[in-house]
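Chemist: Make a model of this:
(2 chains)
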Amino acid sequence: EDQVTQSPEALRLQEGESSSLNCSYTVSGLRGLFWYRQDPGKGPEFLFTLYSAGEEKEKERLKATLTKKESFLHITAPKPEDSATYLCAAPTGGGNKLTFGTGTQLKVEL
Amino acid sequence: DTGVSQNPRHKITKRGQNVTFRCDPISEHNRLYWYRQTLGQGPEFLTYFQNEAQLEKSRLLSDRFSAERPKGSFSTLEIQRTEQGDSAMYLCASSTVGYEQYFGPGTRLTVT
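Modeler: Predicted coordinates:
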């Protein structure tokens, strides 16, 4: 069964304290790995798509990487405005739906 | 703003009532998706349209749920005889060729 698992469930960082979020997947015929940011009470906001092992993408303080079994979202020198839930997802079941992990709730404190 | 829009943003209803939600996708996107999200969980797939055709439905979509996309534009999701377990955020997303899906702000349903 296709599965996407995220860790940790929650992460508390001090401003400027870099860290990484993990997304492991078991998906047959991976057609991409997606990262989204979700603020409370809002819909997920698209961040990145990664298609092949070794690929990296960056946006401001965020960098996403992909291996054959997992993806990492690296946060460098985070700020309080980076506080959100970060979700990863993969297309499954013929590619017509996304299967999501349960997310990592990130809190960045001053 | 040319993103995905959803209405209403919030809906409170009594158990047993029917509710209908609307989604307007990004105009050039021919694919439209509905998801449901409960607290502490990631979104779960409900159904998918390509143009006006409903091509896939999740087992989560019981007989009380129906979705339409007339003329391949906006979509509606109706829940009949609501139950307390239906309380969730209902999310709509759209996409074009490829797999990247863009989400709307969601409709928060509370069944009392």
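Chemist: Assign a three-state SS to the residue of chain B at minimum distance from chain A, would you?
Modeler: Of all residues in chain B, B:Gly42 sits closest to chain A, at 3.0 Å by Cβ to the nearest Cβ. Every C-beta, even on glycine, is put in place using the N, C-alpha and C of the backbone. Following DSSP: H, G, I helix; E, B strand; the rest coil, the label given to B:Gly42 is coil.
Chemist: Contact partners for it?
Modeler: Neighbouring residues of B:Gly42 by Cβ atoms under 8 Å, 6 or more residues apart in numbering or on different chains: A:Val4, A:Leu87, A:Ala89, A:Phe100, A:Gly101, A:Thr102, A:Gly103.
Chemist: Go ahead and confirm the fifth one touches A:Gln6.
Modeler: Yes. With contact defined as Cβ atoms under 8 Å, A:Gly101 and A:Gln6 form a contacting pair (3.6 Å).
Chemist: Please, where are all the strands along chain B?
Modeler: B:5-7, B:10-13, B:19-24, B:31-37, B:44-50, B:53-57, B:65-68, B:75-79, B:88-95, B:102-103, B:107-111 (DSSP state E).
Chemist: Among those strands, which comes closest to A:Arg61?
Modeler: strand B:102-103 (22.1 Å; Cβ to Cβ).
Chemist: What pairs with the closest one, parallel or antiparallel?
Modeler: Note on strand B:102-103: by DSSP bridges, its sheet partners are strand B:88-95 (antiparallel).
Chemist: circling back to that earlier point, and the residue of chain B closest to chain A, how far is that from A:Cys23?
Modeler: Going from B:Gly42 to A:Cys23 by Cβ to Cβ, to the nearest Å gives 11 Å.
Chemist: With A:Glu70 instead?
Modeler: A:Glu70 is 6 Å from A:Cys23, by Cβ to Cβ.
Chemist: Looking at the two, which one has more neighbours?
Modeler: A count of neighbours by other Cβ atoms under 10 Å in any protein chain shown puts A:Cys23 above the other of A:Glu70 and A:Cys23, at 26 against 16.
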